[in-house]
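J.: Can you look at this prediction? I've put the sequence above it.
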Amino acid sequence: MKKTKLGEFEELVLLTVLALREEAYGVAIKRELEERLKEVLSVGSVQSALKRMEEKGFLTSEWGEAEKVRGGKRKRIYQATNYAQQVLQEMKDVRAGLWTTIIQTQNI
């Protein structure tokens, strides 16, 4: 596995982007993570992770259309790159292999 420098929180944000698809914008990502993690997150922590991952080539983003509900503000919609999906699959495979070894050797 190639070194990716993808931290645990970044991995969770990236998986959330994939899960939300076309609804993957900052507030929705934060809300989904809070629900799944059962904890309160700061907007800044999510935004920082999104920015870092975009700089690393894991995400791309584009501005959505202005919405009346949001007072004319546009959402920045995120999308995972092919590279991100490849890295996530590699990480999943490594974890699965480790869990298989643990289960076989410790009867968990």
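T.: Sure thing, it's come through. Not measured: the values here are computed from a predicted model.

J.: what about Ser61, helix or strand, and which?
T.: strand 59-63 (DSSP states H and E).

J.: who touches the helix or strand following that strand?
T.: Note on strand 59-63: by DSSP H and E, the next helix or strand toward the C-terminus is strand 76-80. For strand 76-80, contacts defined as C-beta atoms under 8 Å, 6 or more residues apart in numbering pick out 14, 17-18, 22-26, 29, 50, 54, 58-64, 88. Every residue, glycine included, has its C-beta placed from N, CA and C.

J.: before we move on, the earlier item: show me what the strand holding Ser61 is packed up against.
T.: Judged by 3 or more C-beta pairs under 8 Å, 6 or more residues apart in numbering; DSSP states H and E, the packing partners of strand 59-63 are helix 43-56, strand 76-80.

J.: Please render the ones you listed as CSV that adds mean pLDDT to the earlier fields.
T.: Shown next, in CSV, are the helices and strands packed on strand 59-63 (pLDDT from 0 to 100):
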stretch, mean pLDDT
helix 43-56, 95
strand 76-80, 97
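
J.: Give me the pLDDT for Thr60.
T.: Here, the pLDDT recorded for Thr60 equals 97.

J.: Before I go, just wanted to say thanks for your time.
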